[in-house]
Every structure is written in structure tokens, then in C-alpha cells.
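>>> The following comprises the amino acid sequence and a computationally predicted model.
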Amino acid sequence: MAAQLFNRIGQIGVGMALAGGVVNSALFNVEGGQRAVIFDRFSGIKETVVGEGTHFMIPWVQSPIIFDIRARPKNVPTITGSKDLQNVNITLRILFRPRPEALPKIYSSIGVDYDDRILPSITNEVLKAVVADSTLRTSLQEENSSPLASTKNSTFLVEKAEQIKKASIIAAEGDTEAADLLSKAFIKAGEGLVELRRIETAEDISAQLSASRNVIYLPNGQSTLLNLPQ
């Protein structure tokens, strides 16, 4: 009796394991940012695009092909010729993503590695069309325009500083020569010239003070205020 019970439990366990395996093989998940295309062994690629989530399929008959529909970067190096027959090495960085509704056609005509098959040829054609209209000399001139302008500006600043330095030296030499001439004049004329300059300066100061209303002249001496009327 006990042996029959254990056999029965074993059969049930085996059946549940087989059923679980079948169910597990009949389900597939589509993660966020992905889409799936179903390949059927009898009818081929189905036109329906499967969205995100858990979905059912017929085991051993159908299989999902997962595509990433998020924008992804790709570097495409190429060598092309310019208008003046110069070879130019260019690496183009592009962002690409497939249209979800076109995934069945992409898989049936190109495959999962469509980016490695299609993008290099497309970018090469576009780059050749763009670079062929320009010359390498023009590109180099545009590239060097900013450094050339900076160099000219620096040269101008250096020349300006040199001119200012020369002007300062000339002004200092002129002041020195004027001081020598005045010194010689003082030696030749004696103290009379100095006294004359002092008198002229005093006259100028007196004329300016006399025109001011805030200046009052008082006689010199200590008895100035003693002669006021009672």
C-alpha cells in the first residue's frame, strides 16, 4: 500500500516537472526597450511585433527574435577623397535605432546584425558626398583661423608694449635734458632768477586769493584789534 502511494506520488511529481518544463518553454519575456519578432517553422516570420512583457509561444515550433529599439551609438571609420584629391580619414559617430513596425522586414531581408551591414555603407556614401564638395585647404584654413587671429593679437600687444616703453624712455630723456638746462640757467643767472620766480608765484597766489570771497586780509601786528571804536 505504501509502495503504491510512493509510486503514485513519483508519477505525479514527474508529470508536474514535465508540465512545468513545457510551460516554461512556452513562455518568453520581452524587456523594456525591446521588441520581439516571432519565427514560425511552418509559416515563417510573423508580421506582428511583440511588445514588452511575458508572452506565450508554441514550443519547438515558434521562437522569438529579440531586437533592441533604444538609441545606440556607433563609430564608423572611413577614408574618402576631398575636392582637391586629398585622402581624409574620418570617424563618424552616429546614433541609430530601428523602427518597431519595420522589424519583421529588417529580420527577413537583413538579419539581426543589420547595423553592421547597413550603417557603414550609408555613412560612407553620405560622408563622400559631403567631403567631395570641400577641399582640404579650406578645412585647414578654417581650423587655423582662430590660432592665427590669436597670434596676430599677441603680436599687436607686444608691439604696443614696446612702443609704450620707447615713449616712456623718450619722455624720461626729455625731462632729464630739461632739468640740465634749468640747472645751467640757475648757475648762470644766480639767485636773482630764483627770487624772480618766487615773486611771480606770490603774485599769482595773491591774485587768486583776492578774487575769493572767503579770504579776509588783516594787517600784520598785535595791536590790530585795539584800535576798534568804543
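In hand now; what should we look at?
>>> so where's this structure uncertain?
1-23, 134-154, 178-179, 181-194, 196, 212-230 (pLDDT under 70).
>>> According to the record, where do the domains of it fall?
72-138, 145-209 (automatic domain parsing).
>>> a markdown table for those domains, including mean neighbour count and distance to E52?
For the C-beta atoms, the positions are set from N, CA and C on the backbone; glycine is no exception. Formatted as a markdown table, these follow (neighbours: other Cβ atoms under 10 Å; distance: least, Cβ to Cβ, whole Å):
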| stretch | mean neighbour count | distance to E52 |
| --- | --- | --- |
| domain 72-138 | 13 | 11 |
| domain 145-209 | 10 | 49 |
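>>> In JSON lines, list those along with distance to M57.
Formatted as JSON lines, the domains of the chain follow (distance: least, Cβ to Cβ, whole Å):
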{"stretch": "domain 72-138", "distance to M57": "16"}
{"stretch": "domain 145-209", "distance to M57": "60"}
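>>> Out of those domains, which gets nearest to A36?
Closest to A36 of the domains of the chain is domain 72-138 (Cβ to Cβ; 8.4 Å).
>>> Confirm G32 sits in a helix?
No. Looking at G32 with DSSP: H, G, I helix; E, B strand; the rest coil, it is coil, so not inside a helix.
>>> Report the separation between it and P64.
16 Å (Cβ to Cβ, to the nearest Å).
>>> Mind checking which of the two has more residues around it?
With neighbours defined as other Cβ atoms under 10 Å, G32 and P64 compare such that P64 has more, 16 against 7.
>>> Identify each of the helices in the chain and give its residue range.
For the chain, applying DSSP state H gives helices covering 2-25, 103-109, 114-131, 136-189, 191-210.
>>> and the residue nearest to D68 when sequence neighbours are not counted, how many neighbours?
Once flanking residues are discounted, D68 sits nearest to Q34: 5.7 Å by Cβ to Cβ, 6 or more residues apart in numbering. Applying other Cβ under 10 Å, we find 16 residues neighbouring Q34.
>>> do the same with I66
14.
>>> State the distance from it to R41.
Applying Cβ to Cβ to I66 and R41 gives a distance of 18 Å.
>>> re the thing from before, quick one: the residue nearest to D68 and H55 touch, right?
No. Checked against Cβ atoms under 8 Å, the pair Q34 and H55 is beyond contact range at 11.9 Å.
>>> ok, Y114 to P64 distance?
Taken as Cβ to Cβ, the span from Y114 to P64 is 17 Å.
>>> and what of K83?
Taken as Cβ to Cβ, the span from K83 to P64 is 49 Å.
>>> repeat for A202
In terms of Cβ to Cβ, A202 sits 112 Å off from P64.
>>> try I169
87 Å.
>>> try A129
For A129, the distance to P64 - Cβ to Cβ - is 39 Å.
>>> swap in D204?
Where P64 is concerned, D204 sits at a distance of 107 Å (Cβ to Cβ).
>>> same thing with R35?
10 Å.
>>> and for the two, which residues touch both?
Common neighbours of R35 and P64, using Cβ atoms under 8 Å, 6 or more residues apart in numbering, are V50.
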